[in-house]
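J.: okay, sequence plus prediction incoming.
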Amino acid sequence: MFLKLKKREISAFFKSHLFISICGSIIGVLSTAIFFILISKNLEQIFLAKFSLSILFFFSVLKISLMGLDQNIIAHSKSLNAKKIIFDQKIKLLFIPIGVSISIYYILYVLRDIFIVDFFVSDFLILNLSVILGLLCRTLQSYLQASSKLLENAKANLCRYLSYLLFIIIWIFNNDLNIMFYFFVGEILTITFLMFSILLNIGFKYSHKMKNYNIKYLYLGISEFSYEGLFKLDLLTIAIFGNQKLLVTYAILSNVIEGIINFLSIAHPMINNFMNRFKYDQVLKKELVLMKYMNIFSILILLMIFPAYFIFNYFVFMKFPQYELIIIAILFSSLLILFRKVFLFFFYFSINNAPQKQLKFSLLMFLGNFIFNIVLFNYIGLFGIVISTLVVYFLSTIYISAFLKIYKKVLNFV
């Protein structure tokens with residue numbers, strides 16, 4: 001009986017949205033790694049740095065432009081068990097994020113000469129179209145989540161990652177394609193999947209009722225951007241104040257660190273749920289066990305930074321990394337392990353109904369890291385980036401630890 005129950009649970013897991021989400025994340029990381037290797041073999045190496053910066057421009061602008069609209073839709077849902085998707089008038093607010101994205105890309109185009117990598121009008125145009133499609137996709141996906149259609153939402157994300165692989169296959173046979181189409185293909189096929197899924201499979205209704213946009217969700221959107229941008233600041237600093245050779249070689253390490261951290265971000269929903277339950281004294285014993293396992297998992301996954309970088313660098317350049325970068329990879333791995341709770345509990349303030357404090361914490365950490373990066377990089381090079389990260393993460397750990405002490409009775413790693 002017990003064996004049958006286990007088989008049923010395992011079977012249910014493989015059909016769940018969680019399993020699909022994990023598979024999607026793995027495919028997303030692998031597709032980026034594969035594309036990096038292919039670019040290094042078929043194009044000049046400066047295109048590696050250009051692709052890294054395009055990842056920064058795409059995801060950062062997408063996150064800023066959303067302005068928390070997706071979270072607002074999810075939080076104010078009153079149709080969790082609806083069979084059809086319920087669209088309300090908040091969908092009309094989508095025109096504002098689209099306008100914001102166009103404005104940001106216009107500014108980037110005007111300031112394009114500050115970057116040591118050349119970006120052209122066509123590059124920004126493709127990226128902006130990709131972001132507009134991405135805004136449409138994220139908004140539709142937020143309505144899926146608001147109606148508890150988590151499986152369909154996970155399938156949409158999986159479609160996006162598989163689309164990246166499809167573009168890579170197409171690009172292999174035609175290297176003349178602009179590498180910026182990597183993002184465009186991902187979003188155009190995802191929006192196609194979402195439209196067919198909603199129109200032909202799920203169905204939808206439209207409601208004229210709309211709760212006013214809550215400005216607090218704008219804070220959350222900026223905070224999420226700050227969190228994701230932390231791992232791109234080193235690359236941005238080198239792209240403005242460094243040189244092309246350094247940017248190309250460092251891009252590999254930067255993307256490995258970001259990829260590893262993305263795996264760690266899978267824990268955020270569980271940790272945020274734990275903090276919510278803790279507020280209302282509803283924490284279950286199994287959740288305490290999971291939190292302790294997550295602490296161990298975070299250490300193990302961060303230890304993978306150095307070996308992953310060592311292997312990835314060899315496949316791209318067909319040689320081992322420079323000693324300086326090996327030392328920096330080890331330092332970053334140790335650094336992130338030491339200050340891991342800053343990232344595990346990054347959204348502590350948002351969960352505890354203090355979005356303004358979350359905004360201040362996020363921006364101070366983001367801007368402080370960037371300013372220290374610039375100053376120290378100009379004096380001592382790459383090691384300046386490590387030192388600036390050490391200083392900012394150390395101060396952030398002290399600050400957030402003052403609030404996390406309430407969990408010390410039940411958790412032994414905060």
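T.: Structure's in. What do you need?

J.: tell me how many other residues crowd residue 114.
T.: 10 (other CB atoms under 10 Å). All C-beta atoms are positioned from the backbone trio N, CA, C, and that covers glycine.

J.: please apply the same query to residue 270.
T.: For residue 270, the count of nearby residues is 13 (other CB under 10 Å).

J.: distance-wise, check it relative to residue 22.
T.: Using CB to CB, to the nearest Å, one gets 13 Å for the distance from residue 270 to residue 22.

J.: tell me how far residue 333 lies from residue 317.
T.: As for residue 333, its distance to residue 317 is 20 Å (criterion: CB to CB).

J.: of the two, which one has the most company?
T.: residue 333 (20 against 16).

J.: contacting residues around the more buried one?
T.: Residues near residue 333 by CB atoms under 8 Å, 6 or more residues apart in numbering: 302-303, 305-306.

J.: how about those residues in CSV, adding distance to residue 73 and secondary structure?
T.: CSV is the format used below for the contacts of residue 333 (distance: CB to CB, whole Å; DSSP: H, G, I helix; E, B strand; the rest coil):
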residue, distance to residue 73, secondary structure
302, 33, helix
303, 38, helix
305, 35, helix
306, 40, helix
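
J.: what about the strands in the stretch 201-350 of the chain?
T.: 204-206 (DSSP state E, counting those that start in this stretch).

J.: quick one: low-confidence ranges for it?
T.: When residues are selected by pLDDT under 70, those of the stretch 201-350 of the chain lie in 208-213, 266, 269.

J.: helices along that one, start to end?
T.: Along the stretch 201-350 of the chain, counting by DSSP state H, counting those that start in this stretch, helices occupy 216-229, 233-241, 244-264, 268-279, 285-303, 305-317, 323-338, 340-344, 348-351.

J.: and for residue 287, the neighbour number?
T.: Close neighbours of residue 287, defined as other CB under 10 Å, add up to 16.

J.: nearest spatial neighbour of it, skipping sequence neighbours?
T.: residue 274 (5.6 Å; CB to CB, 6 or more residues apart in numbering).

J.: so what's the one you found up against?
T.: Contact partners of residue 274, counting by CB under 8 Å, 6+ apart, are 283, 287, 291.

J.: could you dump the contacts of residue 333 into CSV and include distance to residue 143?
T.: Listed next are the contacts of residue 333 as CSV, based on distance: CB to CB, whole Å:
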residue, distance to residue 143
302, 35
303, 39
305, 37
306, 42
